[in-house]
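**Student:** pasting the structure only:
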């Protein structure tokens, strides 16, 4: 990876830990309030189904898509309630997200390399999370700002323009094989899969150039030393 001139990072699950337990927590609140006979994981599975089925035409922000998908899950389960309080609670939990322990030292070790965040996120929320964790990047590119979600090319292309580099000179690191690895590879970017849960690569799916269990694994590949 001696050609790498810039690095882009996914946010959630890569540099900050939002954890699926936050979603389970909100799903558990829903079933406790309205569906005591339903398992929270089952409800979350259907909520996920509606969230990922949204075609975003017209574009919906993350907050809007979360609310619309929860409303559709409510309709399926016959819940007569407004989704807004649960979405607001979820966003409050997301705002408390903390950086993974190795992240500050990794960013310090990468000083001098242009760094960007490329995230499926709402702009103000992500910037607040980064500020709370005292994480600084040369640019932050969100789906809300680009009106596009990974793995679509537009959000990656915006980051390349901001960094003023070509796709072949950039490494993208993220925890999603489809959204991060697949999306970046289609533009010709090098990719690192941040596989914190040690999942197996799915046959026929995107194959990353590098697999790391956390971001400190990037440093040897980039010829950088650090405290991470």
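**Tutor:** Looks like it arrived, so ask away. Just so it is clear, the model here is predicted, and its values are computed rather than measured. Residues are numbered from 1 along each chain as shown.

**Student:** would you map the strands across the protein?
**Tutor:** Ranges of strands within the chain are 6-9, 16-17, 98-99, 115-119, 139-142, 170-174, 190-194, 210-212, based on DSSP state E.

**Student:** among the ones you listed, which is nearest residue 55?
**Tutor:** Set against residue 55 and scored by CB to CB, those come closest in strand 139-142, at 19.3 Å. All C-beta spots, glycine's among them, are computed from the backbone N, C-alpha and C.

**Student:** can you show me the helices along this protein?
**Tutor:** For the chain, the helices defined by DSSP state H cover 19-34, 40-53, 62-77, 84-95, 103-109, 123-132, 143-146, 153-163, 183-185, 218-221.

**Student:** how far off centre is the fifth one?
**Tutor:** Pointing back at helix 103-109 there. 19 Å (CA atoms, centre = their mean, to the nearest Å).

**Student:** cool, and the first one?
**Tutor:** Between the centre of helix 19-34 and the centre of its host chain there is 20 Å, according to CA atoms, centre = their mean.

**Student:** now do that helix against helix 62-77: the angle between them, please.
**Tutor:** 40 degrees (axes from the mean of the first three to the mean of the last three CA atoms, to 10 degrees).

**Student:** buried residues in helix 19-34?
**Tutor:** By neighbour count on 16 or more other CB atoms under 10 Å, the buried set for helix 19-34 is 22-23, 26-28, 30-31.

**Student:** show the average pLDDT along stretch 163-178.
**Tutor:** For stretch 163-178, the mean per-residue pLDDT is 96.

**Student:** where does pLDDT dip in the chain?
**Tutor:** For the chain, residues meeting the criterion pLDDT under 70 lie at 225-228.

**Student:** tell me the residue furthest from the middle of it?
**Tutor:** Using CA atoms, centre = their mean, the residue of the chain lying farthest from its centre is residue 37. It sits 31.7 Å away.

**Student:** now do the domain split for the protein, please.
**Tutor:** Domain ranges of the chain: 6-17+99-221, 19-95, per automatic domain parsing.

**Student:** how far off centre is the first one?
**Tutor:** So that's domain 6-17+99-221. Put simply, domain 6-17+99-221 sits 8 Å off its chain's centre (CA atoms, centre = their mean).

**Student:** distance check, residue 23 against residue 97.
**Tutor:** Residue 23 sits at a distance of 12 Å from residue 97 (criterion: CB to CB, to the nearest Å).

**Student:** and if you look at residue 18?
**Tutor:** Residue 18 is 5 Å from residue 97, where distance means CB to CB.

**Student:** of these two, give the one with the bigger neighbour count.
**Tutor:** Neighbours per residue, other CB atoms under 10 Å: of residue 18 and residue 97, the larger number sits with residue 97, 23 against 19.

**Student:** check contacts around residue 91.
**Tutor:** Going by CB atoms under 8 Å, 6 or more residues apart in numbering, residue 91 touches 63, 125.

**Student:** next one: residue 53
**Tutor:** By CB under 8 Å, 6+ apart, the contact list for residue 53 reads residue 69.
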